[in-house]
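A.B. asks: below are the sequence and a predicted model for it; my questions follow.
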Amino acid sequence: DVKVTQSSRYLVKRTGEKVFLECVQDMDHENMFWYRQDPGLGLRLIYFSYDVKMKEKGDIPEGYSVSREKKERFSLILESASTNQTSMYLCASSFLTGLAGVVGELFFGEGSRLTVL
Amino acid sequence: KNQVEQSPQSLIILEGKNCTLQCNYTVSPFSNLRWYKQDTGRGPVSLTIMTFSENTKSNGRYTATLDADTKQSSLHITASQLSDSASYICVVSAGTGTASKLTFGTGTRLQVTL
């Protein structure tokens, strides 16, 4: 079974704390993604990575950073958590398929629900 | 600006009935269209992926259609079951390679009742 594992399902942090969200995939996928999901807004891309040590900003990167030191692991870091970062965070991975390099089928983790007080 | 709009926002149907969810998009250049099912509190799971040349694709009781001319897709669920209660998300992919971008709809929340 293919698997994307997120380290924590539920977290509660205080404003100003540093937060680490970890994601591990076992499918040897090139691409890894971090999204946040808020009611009525759909999934929004924070950062993605298409190779080890490579990272690209998504649509809402402000207040976040990422790290990809190994192919299977992609970490999301909130340097100083704020209340507006309370959300569901979803990690996903995919192959880069075909000659045109289209993003393949996305496999999502179960999500990490972060509450910042 | 790339956009994906889904309708209805929410839907309640009786078990055993059929239903159809709609997705309209303005995405360029179109690469493919995907439907995902997301159970409450879980991550989305892929149902179908369709490219420009495919106009119908089935996955069990789920059938997706794509009309690339009108930029519309639908997801038809046949003989609904209680386990179909979930949010259904339409996602359209634009471009290729590392410039490839996915645009997500906000989803249709389906509730199947007895």
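C.D. replies: Great, that's in hand.
A.B. asks: all strands for chain A, in order.
C.D. replies: Remark: strands assigned in chain A by DSSP state E are A:4-6, A:10-13, A:19-25, A:31-38, A:42-49, A:56-57, A:65-70, A:73-78, A:87-94, A:96-97, A:102-103, A:107-108, A:112-116.
A.B. asks: what does chain A have sitting close to chain B?
C.D. replies: Counting by C-beta under 8 Å from any C-beta of the partner chain, the positions of chain A adjacent to chain B are A:4, A:40-45, A:50, A:56, A:90, A:92, A:96, A:100-103, A:105-111, A:113. C-beta coordinates here come from the backbone N, C-alpha and C atoms, glycine included.
A.B. asks: show me the shaky parts of the chain.
C.D. replies: Using chain A here. By pLDDT under 70, the low-scoring segments of chain A are A:1-2, A:97-102.
A.B. asks: ah, no, chain B please
C.D. replies: B:97-100.
A.B. asks: the same query, at a cut-off of 90, please.
C.D. replies: B:1-2, B:27-32, B:41, B:51-54, B:93-102 (pLDDT under 90).
A.B. asks: B:T106 falls within a helix, correct?
C.D. replies: No - per DSSP: H, G, I helix; E, B strand; the rest coil, B:T106 lies outside any helix segment and is coil.
A.B. asks: just want the phi and psi numbers for it.
C.D. replies: phi -90, psi 0 (degrees, to the nearest 10).
A.B. asks: possible to save the strands of chain A as CSV with mean neighbour count and distance to B:K101?
C.D. replies: Below are those laid out as CSV (neighbours: other C-beta atoms under 10 Å in any protein chain shown; distance: least, C-beta to C-beta, whole Å):
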stretch, mean neighbour count, distance to B:K101
strand A:4-6, 19, 20
strand A:10-13, 14, 29
strand A:19-25, 19, 20
strand A:31-38, 23, 11
strand A:42-49, 22, 8
strand A:56-57, 14, 11
strand A:65-70, 15, 17
strand A:73-78, 20, 18
strand A:87-94, 24, 13
strand A:96-97, 16, 13
strand A:102-103, 22, 9
strand A:107-108, 22, 17
strand A:112-116, 18, 23
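A.B. asks: what's the closest of these to B:M50?
C.D. replies: Closest to B:M50 of the strands of chain A is strand A:102-103 (C-beta to C-beta; 12.4 Å).
A.B. asks: tell me, how many residues neighbour residue 63?
C.D. replies: All of this is about chain A. Other residues near A:G63 come to 14 when the count uses other C-beta atoms under 10 Å in any protein chain shown.
A.B. asks: chain B, not that one
C.D. replies: A count of nearby residues for B:T63, using other C-beta under 10 Å, gives 17.
A.B. asks: helix or strand for it, which one?
C.D. replies: strand B:62-67 (DSSP states H and E).
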